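Trainee: the amino acid sequence is not available; the structure is as follows:
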DNA sequence: ATCCTATCCTGTAGGC
DNA sequence: TGCCTACAGGATAGGA
């Protein structure tokens, strides 16, 4: 979506707020971006890569509350917490808004892109190389972390966040509390199959808005209505009717159905 | 090596 | 109404 909006446009001017995000934005950013043309947009895991001519790539991460907002209006309504505004030559603009400032934005030379410390540690993106159950099974061998936290670790597989970890494990019918190293081949097969399914559908629907997330056009994402467990504590499981449980793992919420995802949950269909 | 905790921030919802 | 606490999409430094 971002690519459709900005590819081919030339950056005419750049404004910085001066505020510090996760790390500080280099003050040289505006001068380095000016007159650059957007040649393409890519993604790896949760990182967005905006390719520019002259062999530069603008690397960004939304963190918890970041968003890119595109506007064709030359004078869009001013917003708080806009840290970068790229004004294009045709009058349209792209703004990076991030109230909590956990996001990041960095300009990198393309020939050094994958040596950037943030990207260098990432595992494969599940769309570039769909994970096989066997591969995950091997990767998890000996791991004592919970499978939920295992899925969140971007160094193994990049792109699964807190919402989708719960959704993936629910659909794969795996108890999030199990140690990653304890899952069998069949269980990893089930999880592996759900990863691109869940992420793919979430992307198609432009993400999940359960609080404040907004799309490029400042609209809520449409995956919220597809959530089976996330943010549904106490509500009936859509599959078996059992109340959904919320637990905390690594200081983050996990939601699951204690019946469908019991320690030895049946893989058979249910509906009590 | 692996795992876990605390920390960086602001906004908002809910209890009293 | 106002005050207070808890919690929120994430990554990562540093300690056990």
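Mentor: Sure, I can see it. This one's a predicted model, so the numbers in the text were calculated from it and none came from an experiment.
Trainee: burial measure for whichever residue of the stretch 51-200 of chain A sits closest to DNA strand C, as a count.
Mentor: Residue of the stretch 51-200 of chain A nearest DNA strand C, by CB to the nearest atom of the strand: residue A:161 (2.3 Å). Where C-beta positions appear, they are placed from N, C-alpha and C, glycine not excepted. Neighbours of residue A:161 under the rule other CB atoms under 10 Å: 17.
Trainee: residues in contact with it?
Mentor: Residues in contact with residue A:161 (CB atoms under 8 Å, 6 or more residues apart in numbering) are A:46, A:152.
Trainee: just residue A:126 next, same as before
Mentor: Here residue A:126 is in contact with A:157, A:158, A:159, A:160, A:195, A:196, A:199 (CB under 8 Å, 6+ apart).
Trainee: need the pLDDT of it.
Mentor: Residue A:126 carries a pLDDT value of 98.
Trainee: ok, back up a step: ok, which pair from the contacts of residue A:126 is furthest apart?
Mentor: A:158 and A:196 (12.9 Å; CB to CB).
Trainee: just the element for the residue nearest to residue A:152 when sequence neighbours are not counted, please.
Mentor: Leaving aside its sequence neighbours, residue A:152 sits nearest to residue A:165 (CB to CB, 6 or more residues apart in numbering; 5.5 Å). For residue A:165, the host element (DSSP states H and E) is helix A:162-171.
Trainee: which elements pack onto that helix?
Mentor: helix A:147-152, helix A:185-204, strand A:252-256 (3 or more CB pairs under 8 Å, 6 or more residues apart in numbering; DSSP states H and E).
Trainee: around DNA strand B, which positions in the stretch 51-200 of chain A sit nearby?
Mentor: A:65, A:80-81, A:99-102, A:142-146, A:149, A:180-181 (CB under 7 Å from any atom of the strand).
Trainee: which pair in those spans the largest distance?
Mentor: Most distant of those, by CB to CB, are A:80 and A:142, 47.2 Å apart.
Trainee: picking up where we left off before, out of the contacts of residue A:126, which is nearest to DNA strand B?
Mentor: Nearest to DNA strand B among the contacts of residue A:126, with distances taken as CB to the nearest atom of the strand, is residue A:157, at 13.6 Å.
Trainee: now the angle between strand A:252-256 and the helix holding residue A:165, please.
Mentor: Angle, helix A:162-171 to strand A:252-256, by axes from the mean of the first three to the mean of the last three CA atoms, to 10 degrees: 30 degrees.
Trainee: and helix A:162-171, how far out from the chain middle?
Mentor: 13 Å (CA atoms, centre = their mean, to the nearest Å).
Trainee: contacting residues for residue A:120?
Mentor: residue A:114.
Trainee: sec struct for the residue nearest to residue A:34 when sequence neighbours are not counted, please.
Mentor: Closest residue to residue A:34 apart from its sequence neighbours, by CB to CB, 6+ apart: residue A:11 at 6.0 Å. Secondary structure assignment for residue A:11 (DSSP: H, G, I helix; E, B strand; the rest coil): strand.
Trainee: just checking, residue A:229 touches residue A:168?
Mentor: No: using CB atoms under 8 Å as the test, residue A:229 is too far from residue A:168 to be in contact (10.2 Å).
Trainee: what mean pLDDT does stretch A:65-83 get?
Mentor: Mean predicted lDDT for stretch A:65-83 stands at 96.
Trainee: and that stretch, anywhere near DNA strand C?
Mentor: Yes: legend: contact between stretch A:65-83 and DNA strand C by CB under 7 Å from any atom of the strand is shown at residue A:65.
Trainee: how about residue A:121: what's its closest non-neighbour residue?
Mentor: residue A:155 is the one closest to residue A:121 (CB to CB, 6+ apart), at 5.3 Å.
Trainee: let me fix that: residue A:171
Mentor: residue A:194 (4.4 Å).
Trainee: per-residue confidence for the one you found?
Mentor: At residue A:194, pLDDT is 98.
Trainee: for it, give me its contacts.
Mentor: So residue A:194 contacts A:167, A:168, A:171, A:172 (CB under 8 Å, 6+ apart).
Trainee: buried ones among those residues?
Mentor: Buried members of those, counted by 16 or more other CB atoms under 10 Å: A:167, A:168, A:171, A:172.
Trainee: if we can go back for a sec, between residue A:158 and residue A:196, point out the one with more neighbours.
Mentor: The neighbour comparison of residue A:158 against residue A:196 (other CB under 10 Å) goes to residue A:158, with 20 against 16.
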